[in-house]
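*Asks:* next come a sequence and a model predicted from it.
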Amino acid sequence: MSRIAAKPVRAVLLIVFTFGLLYGGSFAGAEAVKLDLNTATVEQLETLKGIGPELAQRIVAYRNDHGPFRSIDDLIKVKGIGARKLAAIQHLLMVNTAEPISAAPSRANQ
């Protein structure tokens, strides 16, 4: 490739890379790690765009008061989370609803 042709290619690559860094893009098919609403800490929730310390605390308090979230859509029940905010962050969230495995033997095995 000639030096003249290489300059536009480098410029395009620089633009794509910068855009990815600024807007949270991923490279090589890597997927961002999603936060589990049922285990995320206040500090982890604060990393989401539009979620400050007070709202993050309300999410955790809601979870503590009402039990685990059953779906991401349950987040709308938290004061301060509206449809637009939920739509903006839902791709960054997940809800693990699996029951924890108990270490105690069941009565059926006794």
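*Replies:* Noted; the coordinates are in hand.

*Asks:* low-confidence stretches in the chain?
*Replies:* Of all residues in the chain, those with pLDDT under 70 make up the ranges 1-32, 99-110.

*Asks:* and if we set it to 50?
*Replies:* Judged against pLDDT under 50, the low-scoring parts of the chain cover residues 21-22, 26-29, 101-104.

*Asks:* now the helices for it?
*Replies:* Along the chain, the segments classed as helices by DSSP state H run 3-22, 42-45, 53-66, 83-89.

*Asks:* domain ranges for the chain?
*Replies:* Described in terms of automatic domain parsing, the domain architecture of the chain consists of the residue ranges 1-30, 35-94.

*Asks:* give me the number of residues near Arg58?
*Replies:* Taking other CB atoms under 10 Å as the criterion, the count of residues near Arg58 is 17. All C-beta spots, glycine's among them, are computed from the backbone N, C-alpha and C.

*Asks:* spit out the contact partners of it.
*Replies:* Arg58 sits next to 78-80 when contact means CB atoms under 8 Å, 6 or more residues apart in numbering.

*Asks:* excluding chain neighbours, what is closest to Leu48?
*Replies:* Closest residue in space to Leu48, ignoring its immediate chain neighbours: Ile89 at 5.0 Å, by CB to CB, 6 or more residues apart in numbering.

*Asks:* nope, Ser71 is what I meant
*Replies:* Closest residue to Ser71 in three dimensions, ignoring its sequence neighbours and counting by CB to CB, 6+ apart: Val95, at 5.7 Å.

*Asks:* tell me the spacing between the one you found and Ala56.
*Replies:* Computed as CB to CB, to the nearest Å, the Val95 to Ala56 distance reads 16 Å.
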